[in-house]
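# here is a sequence together with a model predicted from it:
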Amino acid sequence: GESVGLHLPTLSVQEGDNSIINCAYSNSASDYFIWYKQESGKGPQFIIDIRSNMDKRQGQRVTVLLNKTVKHLSLQIAATQPGDSAVYFCAESLYSTLTFGKGTMLLVSP
Amino acid sequence: NAGVTQTPKFQVLKTGQSMTLQCAQDMNHEYMSWYRQDPGMGLRLIHYSVGAGITDQGEVPNGYNVSRSTTEDFPLRLLSAAPSQTSVYFCASNIMTANTGELFFGEGSRLTVL
């Protein structure tokens, strides 16, 4: 719910703009990365994933970029819509567990 | 398909009480896990299971027990609730392991310990 958004970095954009959400991951051995979207009062929803042998992957309106040299992941959302307003989490995986980042709140104004 | 179902959605406990958060999935997923979500902390893994009869600890396991007697169910037990366990709890499942594709989440269980 609303408490998820407290103390989170926030990105505010206008409808129609492109959004870029950044994430630094911690383990250089992680081999799988995922972006999740969480709307208020709901569980996280899968957006897109990428494996460590790739540096870019595209979905519908979303692109994930992976820079293993600096352990950085980004999510690009094209033509951002009000329905994209949510908290976005990156997650890294090694073996059987996923470790989540703290999240970024995206606010889209009409 | 119902996906991942968590019950209850809301619960208030007094310090020292025990309770079980239920999680069931109907997708025949081998991997199930429990996370807690606190403001500004993201999701932290409590326990996980890679199949019936197998469980393992995550990042924050203290104060919680789990069991996996069937593929479908993965209950989370709080034996003696503490105010520090006030949180939103999410159950999630995956067809095989956490790194083989989408992790499906339930809607969450909001627990308050007074």
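Sure thing, it's come through. Residues are numbered from 1 along each chain as shown, chains lettered A, B, ... in the order given.

# wait, doesn't B:Cys91 sit right on B:His29?
No: using C-beta atoms under 8 Å, B:Cys91 is not in contact with B:His29; the gap is 11.0 Å. In this view, the C-beta of every residue, glycine as well, is placed from N, C-alpha and C.

# quick one, phi/psi of A:Asp84?
Dihedral pair for A:Asp84: phi -80, psi -10, per degrees, to the nearest 10.

# what residues are up against it?
A:19, A:37, A:77, A:106, A:108 (C-beta atoms under 8 Å, 6 or more residues apart in numbering or on different chains).

# which SSE is the most centrally placed residue in chain B in?
Relative to the mean C-alpha position of chain B, the nearest C-alpha, by C-alpha atoms, centre = their mean, is the one of B:Trp34, at 2.8 Å. Per DSSP states H and E, B:Trp34 falls inside strand B:31-38.

# so what strands line up beside that strand?
Within its sheet, and counting by DSSP bridges, strand B:31-38 is paired with strand B:42-51 (antiparallel), strand B:87-94 (antiparallel).

# tell me the mean pLDDT over the shortest one?
Think strand B:87-94. For strand B:87-94, the mean per-residue pLDDT is 96.

# which parts of chain B are strands?
B:4-7, B:10-13, B:19-25, B:31-38, B:42-51, B:54-57, B:64-66, B:76-78, B:87-94, B:104-105, B:109-113 (DSSP state E).

# I meant chain A, not that one.
A:10-14, A:19-24, A:32-38, A:45-51, A:56-58, A:62-67, A:72-77, A:86-94, A:97-100, A:104-109.

# tell me the buried residues in the worst-scoring helix or strand of chain A on mean pLDDT?
Here the helix or strand of chain A ranked lowest by mean pLDDT, DSSP states H and E is strand A:97-100, holding a mean of 86. Neighbour-count burial for strand A:97-100 flags A:97-100 (criterion: 16 or more other C-beta atoms under 10 Å in any protein chain shown).

# ok, stretch B:20-35 next?
So for stretch B:20-35, counting by 16+ other C-beta under 10 Å, buried means B:21, B:23-25, B:29-35.

# what distance separates the opening and closing residues of it?
Distance between the two ends of stretch B:20-35: 14 Å, counting by C-alpha to C-alpha, to the nearest Å.

# related to what we said a few turns ago, for A:Arg57, which of the strands of chain B is the nearest?
Closest of the strands of chain B to A:Arg57 is strand B:87-94, at 18.8 Å (criterion: C-beta to C-beta).

# the closest one to strand A:32-38, inter-axis angle?
130 degrees (axes from the mean of the first three to the mean of the last three C-alpha atoms, to 10 degrees).

# please enumerate residues in contact with strand B:87-94?
Under C-beta under 8 Å, 6+ apart, the answer for strand B:87-94 is A:1, A:3-4, A:43-44, B:4, B:6, B:21, B:23, B:25, B:27, B:29-38, B:43, B:46, B:74, B:76, B:100-106, B:108-111.

# got the CA coordinates for the least confident helix or strand of chain A in CSV?
Output in CSV follows, covering the C-alpha atoms of strand A:97-100 (Å, rounded to 0.1, in the frame of the first residue of the first chain):
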residue,chain,number,x,y,z
THR,A,97,17.3,-16.9,-4.5
LEU,A,98,16.2,-13.4,-5.7
THR,A,99,17.5,-10.3,-3.9
PHE,A,100,15.5,-7.2,-4.4
